[in-house]
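**Student:** sequence plus the predicted model coming up.
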Amino acid sequence: MDIRRLKSFIVIVDSGSITRAADLLHIAQPALSQQLAALEEHFGHKLLIRSQQGVSMTDAGHAVYRHAQIILRQMEQAQADASAAGNSLAGRVSVGLVPFSSAATLSVDLLAETRKRHPGILLHLTESVGQTYSQMIMNGRLEMALLHGTGPIKGVRFEPILSEEFFLVAHRDFAIEADAKPVAVSGLDGIPMLLPPAYNFVRRAVDTAFTRTRSNLKVVAEVEIVRTLARAVGSGLGATIMPKAIADRIVSESSEPLICRLVSPRIEETLSLCVSDQNPLSEPALAVRDILLELTARLKT
């Protein structure tokens with residue numbers, strides 16, 4: 001098995017087209033098609049289905065893609081271990097940090113601590129609303145992630161870290177009093193809200209709270225960028241309900257006085273560390289995991 005064929009297969013899948021993959025790999029398209037054909041002959045199954053829209057994986061393709069990610073990571077780690085033999089830890093470690101959570105506030109600290117303690121580790125950080133981190137871990141594209149939820153999901157293991165409480169953040173023009181007491185969800189009926197899309201864990205938690213209190217959740221815009229959300233809330237375009245770490249960030253970044261209050265009934269989500277239950281973490285990944293756990297422990301205090 002030529003390892004280059006596995007690399008080419010991953011690029012084809014990730015780019016969505018053989019033509020685009022050939023450009024990225026700087027090889028001729030016929031040569032890339034031959035590599036794919038050789039790979040399919042090796043495994044005895046068709047791996048990709050071609051169409052005018054690009055390529056899509058068959059069931060066999062999904063299996064090969066998952067194992068190819070793992071094999072290439074192990075090859076990279078073997079090279080890093082050999083190069084750093086007798087020296088410090090080295091290798092690439094991929095981590096997902098779910099947006100709209102305390103996890104998203106840890107990225108710079110995680111980079112800094114990893115560089116300080118293990119300069120040989122190449123840290124790859126991902127913050128994405130649209131991608132399913134648990135699926136990326138199962139496919140080998142991520143080694144670990146901080147995400148909302150506790151599972152269970154076959155193929156991954158969840159380690160609950162902390163519970164995040166949600167706060168309302170609103171401009172004073174909405175006539176919500178600054179009070180230490182929680183604001184009732186029913187009292188927010190019809191107030192224009194700025195929230196992430198419906199598939200986001202934060203949004204689902206807010207939707208559930210409004211449904212349970214039979215209140216009208218008036219979403220006027222779906223925003224996936226925290227900085228944009230902060231500016232919009234500060235401009236009075238709408239209020240939002242966010243985990244405390246994000247609520248605090250919105251308040252601190254605003255030049256306008258904002259109201260920040262806990263909501264009642266309480267809205268909360270569990271932040272968990274998610275890893276594969278099939279593939280053990282490499283030594284560099286274990287080192288990054290330890291740093292991540294240290295940083296999340298600080299959030300509890």
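**Tutor:** Here it is on my side, so go on.
**Student:** use CA for all of it now, contacts and neighbours both
**Tutor:** OK.
**Student:** touching, Ala21 and Ser15? I think so.
**Tutor:** Yes. With contacts counted by C-alpha atoms under 8 Å, Ala21 reaches Ser15, the gap being 5.9 Å.
**Student:** of these two, who's got more company?
**Tutor:** Ala21 (22 against 16; other C-alpha atoms under 10 Å).
**Student:** so where's the longest strand in this protein?
**Tutor:** strand 156-171 (DSSP state E).
**Student:** so what are the sheet partners of that one and their directions?
**Tutor:** strand 240-243 (antiparallel), strand 258-264 (antiparallel), strand 268-276 (antiparallel) (DSSP bridges).
**Student:** where do the helices of the stretch 151-300 of the chain begin and end?
**Tutor:** 201-212, 226-234, 244-253, 283-300 (DSSP state H, counting those that start in this stretch).
**Student:** now for those helices, which one comes closest to Leu194?
**Tutor:** helix 226-234 (7.1 Å; C-alpha to C-alpha).
**Student:** give me the buried positions along that closest one.
**Tutor:** Neighbour-count burial for helix 226-234 flags Val226, Leu229, Ala230, Arg231, Ala232, Val233, Gly234 (criterion: 16 or more other C-alpha atoms under 10 Å).
**Student:** try stretch 164-178
**Tutor:** Glu164, Glu165, Phe166, Phe167, Leu168, Val169, Ala170, His171, Arg172, Ile176.
**Student:** specify the beta-bridge partners of the first one.
**Tutor:** This means Glu164. Glu269.
**Student:** where do the helices sit along the stretch 1-150 of the chain?
**Tutor:** 3-15, 18-25, 29-43, 59-83, 107-117, 133-138.
**Student:** name all residues that make contact with the residue nearest to Ile70 when sequence neighbours are not counted.
**Tutor:** Excluding the flanking residues, the one nearest Ile70 by C-alpha to C-alpha, 6 or more residues apart in numbering is Gly140, at 5.5 Å. Shown in contact with Gly140 (C-alpha atoms under 8 Å, 6 or more residues apart in numbering): Arg66, His67, Gln69, Ile70.
**Student:** filter these down to the buried ones, PyMOL style.
**Tutor:** The PyMOL selection below is limited to those of the contacts of Gly140 classed as buried (16+ other C-alpha under 10 Å):
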select buried, resi 66+67+69+70
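**Student:** okay if I get the contacts of Gly140 as a markdown table plus distance to Asp59 and pLDDT?
**Tutor:** As requested, those are exported to a markdown table (distance: C-alpha to C-alpha, whole Å; pLDDT from 0 to 100):
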| residue | distance to Asp59 | pLDDT |
| --- | --- | --- |
| Arg66 | 11 | 87 |
| His67 | 13 | 87 |
| Gln69 | 16 | 86 |
| Ile70 | 17 | 84 |
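**Student:** would you turn the contacts of Gly140 into CSV with distance to Ala180?
**Tutor:** Shown next, in CSV, are the contacts of Gly140 (distance: C-alpha to C-alpha, whole Å):
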residue, distance to Ala180
Arg66, 50
His67, 52
Gln69, 50
Ile70, 50
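**Student:** max pairwise distance over the contacts of Gly140: which two?
**Tutor:** Most distant of the contacts of Gly140, by C-alpha to C-alpha, are Arg66 and Ile70, 6.6 Å apart.
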